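# fold the following and give me the result.
(2 chains)
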Amino acid sequence: MNIRRFIWPLSYKGVQVPDSKLSRNNRVEKAKIPEIATIYLQQHIGAPCEPLVEVDDYVSIGEKIGDSKSFISAPIHSSVSGIVLSIEKKNHPSSGLKKEAILIESDNKEKWIDREKLNDISELKKEDLLHIIRESGLVGLGGAAFPTHVKLSPKTKIDTLILNGCECEPYITSDHRLMVEEGDKIVKGAEIFAKILDAENVLIAIEDNKPDAISIIDSIIKDYNLNNFKILKMKTKYPHGFEKTLIFLATGREVPLFIENRAGLPADVGVVVQNVGTAKAAYDAVYEGKPLIDRVVTVTGDVKEQKNLLVRIGTKFSELIDFCGGFNGKVEKVVMGGPMMGICQNDLDISTVKATNCLLVFGDKYKDKNLSPCIRCGNCVKVCPVNLVPTDLAKYARVRKFDLCKANNIDACMGCGSCSFVCPSKIELAQLIAWAKNETRNIK
Amino acid sequence: MILDKKNIKMTPSPHLKKDISVKRIMFLVILALMPTTIAGIYFFGYHALLVIILSILSAEIAEFLSLKIQKKKFVMDGSAIITGLLLALVLPPTVPFWVPVVGSFFAIAIAKHAFGGLGQNLFNPALVGRAFLMICWPVLMTRWVTPFDAVTTATPLAALKMQNLVIASNIDLFFGGIGGCIGETSALAILIGGIILIALKVIDWRTPLSIICTVFVLMLLLGQDPIFHILAGGLMLGAFFMATDYVTTPITGWGRVIFGMGVGLLIVVFRLWSGMPEGVCYSILIMNGFTPLIDRYIRPLPLGIKKTKVNER
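Residues are numbered from 1 along each chain as shown, chains lettered A, B, ... in the order given. Below you'll find the predicted structure:
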């Protein structure tokens, strides 16, 4: 044990957030197929895709409609069968900016591409599996949407694969329902990942507010006789589901901030983290030949019925909310993602992307409190999961002292928003820090 | 479906906020000071009550005027009430009524607003107010009386220092009923309030604990009665309510421990080797001055800063 880490421990950090998992017992339903699917060319971290289809082309479900030559990128697929209406700029949910998207009008015939189904993958080589995963357009479905095949081709030796089923954000239940309903597919997907990575240990991290998921996954592991799989029961606390925090809590290893002038990666400490939803998508891709065209989205908050929906990628937010019976009263905010890290939307004509795990509606009862100056209470320091001093970073950011931000390790910030959550003065610390972090990119 | 763009809010994440506010923290501190205040009024009567009320009122008026001059919006956030109340609690029960008024004005206008207002002051305003009064009117500020019958007396610390006399047992010191400032006589009342604040996680337990432990250990090593020194004078009030003031103390846990150790050390130095019988006020003020330095060097170790060996394939 490192003495400096003993003096400045990390394990107890984080915040208790209200649970609010309203839809935890609702089975996953299939949402209505969108009339017009809007598939953005940028659905992931990395280079955006180039369209492979032209206007008036006929596409089937699962047909590749966009790809990129860049390594850090993932292809996109049509989620409906029909005719390509147009390729135009539409508002993107992650940035609010106009981004290129392919619009496909559905003919409701549900015509699939030819799928190659497999029952046994033992003969497939690692390269083949990686190829299937890349061609299926798999990205991390936890919210960051990092291309999965990039994560699965590390340059270092991996000994531990962590399957992330923490779902530490309030309200979201999509991973929870997936674990309860399709646990076997998740475990099989994890086996695929472990095979590609040669990982000896597989840890499935689940927070203890999901006892049903823990028992189901546990029985599946026992049924399949997987001795190298282990369930890691986590304490329910935000942000335990974040990659670096999870790695530290599960293995005691710290992902270095920088290695040889580049940002450190989990693979540098021999760990790869994948979301449980990604594992299920990998199962679909390898065993069923189905590319990533749908995912589970939790629609919750102030809607008439809270639901977990299996949603085709490219479905409009308005269609999802209509499917859940519409708004419940006056609406103040519509958020894509969870309440802690989600992004506010000002339009419902925006469509879901691969990273959309939740659509959250806030009514007007969520009032913002009055701002006051920082009283240096130290709550943000107490909760910061990466041991920063958020109030100081925000103070430097306000006066544009970006070099001081850099010197105080602003790069370690994961943007979890715990500091803003606990601030009694209601200062938007996370926003200030995220902005300053962006500004420091140019400082070497 | 179209969103009503007039009513829609675009805010940065997180969209949930903890139900906590500056006002509420201040209210809880005031609440925790109530046992001490009530004990002071019980021991020293109406005069103490009037001193407390005058001090709070003038602090609030000073706050209003200071903000008015700076053309800032006046918000009743309770911080001036705490300053006024704390100042009254560290005044002798016999002071003339103009003393708390002058002290409060100095504390709010000079120690707080001249430094930039809430969250910007370097020194604890109530203690600056007391130090100012102590320097200007030392005779008025050291006129002690016994509780209930108001006979002129010395504080236990002064008696020990000047005449080498122990005039109060540790049990008296714990429950109250000795000469001293309005809020200093009963350690029990302070302890009740302090434990409430620690239980509600409003204040950090590290600061009072490190002050008390430092004084205990040092006094024990120097052959003094450690229990007496912890219970006598303003140590308890200072440890639980002055040294835990957010604005003027370090922000990290270990910073607060170092701050507390510094305060404890200075208290021992003042009590044993200075010309004054008591030094809690000055000890905390001196350590307030060290706060930016402590905060600069005592910083938590962020995740991933230490060098880790890269796994080789």
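# quick one: contacts for the residue of the stretch 151-300 of chain B found nearest chain A?
Going by CB to the nearest CB, chain A is nearest to residue B:300 of the stretch 151-300 of chain B, at 3.8 Å. The C-beta positions use only the backbone N, C-alpha and C, and glycine is treated the same way. Residue B:300 makes contact with A:8, A:381, A:384, A:387-389, B:252 under the criterion CB atoms under 8 Å, 6 or more residues apart in numbering or on different chains.
# quick one, longest helix in the chain?
Went with chain A since none was named. For chain A, the longest helix by residue count, based on DSSP state H, is helix A:183-197.
# chain B is the one I meant
Longest helix in chain B, counting by DSSP H: helix B:22-69.
# residue A:307 and residue B:231: what is the separation?
62 Å (CB to CB, to the nearest Å).
# before we move on, what about residue B:66?
With the distance defined as CB to CB, residue B:66 ends up 37 Å from residue B:231.
# with residue B:282 instead?
Here residue B:282 is placed at a distance of 20 Å from residue B:231 (CB to CB).
# between those two, which one's more packed in?
Using other CB atoms under 10 Å in any protein chain shown as the criterion, residue B:282 and residue B:231 rank with residue B:231 on top: 26 against 18.
# the residue lying closest to the more buried one once chain neighbours are set aside sits in which helix or strand?
Leaving aside its sequence neighbours, residue B:231 sits nearest to residue B:173 (CB to CB, 6 or more residues apart in numbering or on different chains; 3.8 Å). In the assignment (DSSP states H and E), residue B:173 maps to helix B:170-175.
# helices or strands up against that helix?
Packed against helix B:170-175 by the contact rule (3 or more CB pairs under 8 Å, 6 or more residues apart in numbering or on different chains; DSSP states H and E) you find helix B:187-199, helix B:226-231.
# want to throw these into a markdown table with mean pLDDT?
What follows is the helices and strands packed on helix B:170-175, written out as a markdown table (pLDDT from 0 to 100):
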| stretch | mean pLDDT |
| --- | --- |
| helix B:187-199 | 94 |
| helix B:226-231 | 92 |
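# okay, those helices in CSV with distance to residue B:217 next?
CSV is the format used below for the helices and strands packed on helix B:170-175 (distance: least, CB to CB, whole Å):
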stretch, distance to residue B:217
helix B:187-199, 19
helix B:226-231, 8
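# can you pull the contacts of residue A:246?
A:162, A:164, A:166, A:205, A:234, A:240, A:273.
# which residue packs closest to the most centrally placed residue in chain B, ignoring adjacent ones?
In chain B, the centroid-proximal residue (CA atoms, centre = their mean) is residue B:242; its distance is 1.4 Å. Nearest residue to residue B:242 in three dimensions, chain neighbours excluded: residue B:284, at 5.2 Å (CB to CB, 6+ apart).
# I'd assumed the one you found was in a helix, is it?
Yes - the assignment for residue B:284 is a helix, going by DSSP: H, G, I helix; E, B strand; the rest coil.
# how many neighbours does it have?
26.
# and if you look at residue A:424?
Neighbours of residue A:424 (other CB under 10 Å): 24.
# can you give me the helices in the stretch 201-350 of chain A?
A:211-223, A:243-251, A:276-287, A:317-323 (DSSP state H, counting those that start in this stretch).
# which one of those helices lies nearest to residue A:418?
With CB to CB, the closest approach to residue A:418 among these belongs to helix A:243-251: 10.5 Å.
# just the CA trace of the closest one, in PDB.
Backbone C-alpha positions of helix A:243-251 (Å, rounded to 0.1, in the frame of the first residue of the first chain) are rendered in PDB as follows:
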ATOM      1  CA  GLU A 243     -14.200   3.700 -15.100                       C
ATOM      2  CA  LYS A 244     -11.200   4.900 -13.100                       C
ATOM      3  CA  THR A 245     -13.100   4.800  -9.700                       C
ATOM      4  CA  LEU A 246     -14.300   1.400 -10.400                       C
ATOM      5  CA  ILE A 247     -10.800   0.100 -11.300                       C
ATOM      6  CA  PHE A 248      -9.500   1.600  -8.100                       C
ATOM      7  CA  LEU A 249     -12.200   0.100  -6.000                       C
ATOM      8  CA  ALA A 250     -12.100  -3.300  -7.700                       C
ATOM      9  CA  THR A 251      -8.400  -3.800  -7.900                       C
END
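# quick one: low-confidence residue ranges for the stretch 251-400 of chain A.
In the predicted model of the stretch 251-400 of chain A, residues A:365-369 satisfy pLDDT under 70.
# pretty sure residue A:206 sits against residue A:214.
Yes - judged on CB atoms under 8 Å, residue A:206 makes contact with residue A:214 at a distance of 5.1 Å.
# what sits in contact with each of those two?
By CB under 8 Å, 6+ apart, the residues touching both residue A:206 and residue A:214 are A:231, A:233.
# check contacts around residue A:80.
Neighbours of residue A:80 in contact, by CB under 8 Å, 6+ apart: A:33-34, A:37, A:61, A:104, A:106, A:312, A:314.
# show me the strands in the stretch 101-250 of chain B, by range?
Assigned strands in the stretch 101-250 of chain B, in chain order: B:144-145, B:152-153 (criterion: DSSP state E, counting those that start in this stretch).
# related to what we said a few turns ago, the residue nearest to residue B:231 touches residue B:157, doesn't it?
No - assessed by CB under 8 Å, residue B:173 is found out of contact with residue B:157, at 10.1 Å.
# intersection of neighbour lists for these two?
With CB under 8 Å, 6+ apart, residue B:173 and residue B:157 have common neighbours residue B:232.
# which of the residues in the helix or strand containing residue B:260 are buried?
Residue B:260 is part of helix B:253-273, with elements assigned from DSSP H and E. For helix B:253-273, burial by neighbour count (16 or more other CB atoms under 10 Å in any protein chain shown) applies to B:253-268, B:270-271.
# find out how far the longest helix of chain B is from the centre of the chain, if you would.
13 Å (CA atoms, centre = their mean, to the nearest Å).
# next, the angle from the following helix or strand past it to helix B:22-69.
Using DSSP H and E, the helix or strand that follows helix B:22-69 in sequence is helix B:79-89. Computed by axes from the mean of the first three to the mean of the last three CA atoms, to 10 degrees, the angle separating helix B:79-89 from helix B:22-69 equals 90 degrees.
# average pLDDT across helix B:79-89?
What helix B:79-89 shows for mean pLDDT is 95.
# ok, residues contacting it?
Under CB under 8 Å, 6+ apart, the answer for helix B:79-89 is B:22, B:26, B:29-30, B:33, B:36-37, B:40, B:51-52, B:54-60, B:62-63, B:100, B:103-104, B:107-108, B:112, B:118, B:125-126, B:129-130, B:181-184, B:237, B:241-242.
# cool, and stretch B:204-213?
For stretch B:204-213, the surrounding residues in contact (CB under 8 Å, 6+ apart) are A:378, B:194, B:198, B:230, B:235, B:238-240, B:243-244, B:249, B:253, B:256-261, B:263-264, B:267.
# switch to 7 Å and redo it
B:194, B:198, B:230, B:239-240, B:243-244, B:249, B:253, B:256-257, B:259-261, B:263-264 (CB atoms under 7 Å, 6 or more residues apart in numbering or on different chains).
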